[in-house]
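Visitor: just coords:
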Ligand code: 13P
């Protein structure tokens, strides 16, 4: 089965009131854990790669790892550039076989974001690739005292019209990493409702959507980490968002937390070991379990193919 775009995935997700998981594919074991879960749950999946990770791994290796996942599984897989920083990176990914790219102009002045995004859309659509744009404070920053700037629905409608994007990452109160809220976690559901209406059910994307499970923060800390006051997006809020037009939910921090916790635990319990097959295997199994849980209980996307 070849790589697919996210077009049909999002159409089905909107109709079925669920979301597709977009998991950051940071190494081979993580990819294998995600894809094993998706196969088990009969569920389409997005493997996404940031530019930092693509360069770290090497663009050819990334592609070959994902090709191996496609060849050895029988589910729909979309390969997506996460947080595309510029036009040239998007073009490089499109030319090498990615089926979806994000161009993240959300930190640029509005007119520059429109111009850049439109340029990427033109190239991508000519090559059969779909594009996610970004508008508002989609990365968030809990260290700053300035409140998040949520995506403005009228501006979003103008943006979609002007650029022709296939999906839009919106800011409704999340941020990247394990420290998402200083107080009670909330999402701006009224704003999400308005965005869905103004954008006429265009597929919407939620970045910064890890739940930062206490179980894995505690496991890291039990085996030597110092991750204090971590707070993710509660699972029930994500499930509600996925019923309200959020079609793609981005998850990276949770995968990293699980993999790292398992490695830490393994080394403390097996100080004699030095074999990567031994110390990476438990993380791969734990990622599979976590992704199955998310597909069933958070994204609502199990048993869809
Ligand atoms: P988390 O840090 O919440 O996993 O979000 C990752 C993300 O949005 C990548 O685009």
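Guide: That came through fine. It should be emphasised that the depicted structure is a prediction, and the values quoted were computed from it without experimental measurement.

Visitor: Could you give the number of residues near the residue of the stretch 1-150 of the chain found nearest the ligand?
Guide: For the stretch 1-150 of the chain and the ligand, the shortest gap (CB to the nearest ligand atom) falls at residue 82, measuring 4.6 Å. C-beta coordinates here come from the backbone N, C-alpha and C atoms, glycine included. Neighbourhood size, residue 82 [other CB atoms under 10 Å]: 25.

Visitor: can you check residue 286 too?
Guide: Residue 286 is flanked by 20 other residues according to other CB under 10 Å.

Visitor: mind listing what's buried in the host helix or strand of it?
Guide: Using DSSP states H and E, residue 286 maps to helix 276-294. Buried residues in helix 276-294, defined by neighbour count with 16 or more other CB atoms under 10 Å: 279-280, 282-284, 286-288, 290-294.

Visitor: what's it packed up against?
Guide: Using 3 or more CB pairs under 8 Å, 6 or more residues apart in numbering; DSSP states H and E as the contact test, the elements touching helix 276-294 are strand 20-24, helix 28-41, helix 253-269.

Visitor: Name the residues of the stretch 151-300 of the chain found near the ligand, please.
Guide: 176-177, 207-210, 250-253 (CB under 6 Å from any ligand atom).

Visitor: Can you add mean neighbour count and mean pLDDT and give the helices and strands packed on helix 276-294 back as JSON lines?
Guide: Formatted as JSON lines, the helices and strands packed on helix 276-294 follow (neighbours: other CB atoms under 10 Å; pLDDT from 0 to 100):
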{"stretch": "strand 20-24", "mean neighbour count": "27", "mean pLDDT": "98"}
{"stretch": "helix 28-41", "mean neighbour count": "22", "mean pLDDT": "98"}
{"stretch": "helix 253-269", "mean neighbour count": "20", "mean pLDDT": "98"}
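
Visitor: now those as CSV including distance to residue 11?
Guide: Output for these, formatted as CSV (distance: least, CB to CB, whole Å):
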stretch, distance to residue 11
strand 20-24, 11
helix 28-41, 18
helix 253-269, 26
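
Visitor: hang on, residue 134 in a strand?
Guide: Yes - assessed with DSSP: H, G, I helix; E, B strand; the rest coil, residue 134 lies in a strand.

Visitor: Need the pLDDT of the residue of the stretch 51-200 of the chain found nearest the ligand.
Guide: Nearest to the ligand in the stretch 51-200 of the chain, going by CB to the nearest ligand atom, is residue 176, at a distance of 4.1 Å. Note for residue 176: predicted pLDDT of 96.

Visitor: Quick check, pLDDT for residue 1.
Guide: Listed pLDDT for residue 1 reads 69.

Visitor: Which secondary structure element is home to the nearest residue to residue 260 once chain neighbours are set aside?
Guide: Excluding its sequence neighbours, the residue lying closest to residue 260 (CB to CB, 6 or more residues apart in numbering) is residue 220, at 6.1 Å. Applying DSSP H and E as the criterion places residue 220 in helix 214-222.

Visitor: For that helix, what is the distance to the chain centroid?
Guide: Offset of helix 214-222 from its chain centre (CA atoms, centre = their mean, to the nearest Å): 22 Å.

Visitor: Only the buried residues of that helix, if you could.
Guide: Buried residues in helix 214-222, counted by 16+ other CB under 10 Å: 216-217, 219-220.

Visitor: about what we covered before: pick the one among the buried residues of helix 276-294 closest to residue 34.
Guide: Sorting the buried residues of helix 276-294 by distance to residue 34 puts residue 291 at the head of the list, at 5.3 Å, by CB to CB.

Visitor: from what I can see that closest one touches residue 33, true?
Guide: Yes - taking contacts as CB atoms under 8 Å, residue 291 lies within contact range of residue 33: 6.5 Å.

Visitor: hang on, the earlier thing: so which of the buried residues of helix 276-294 would you say is closest to residue 234?
Guide: When those are compared against residue 234 (criterion: CB to CB), the nearest one is residue 294, at 12.9 Å.
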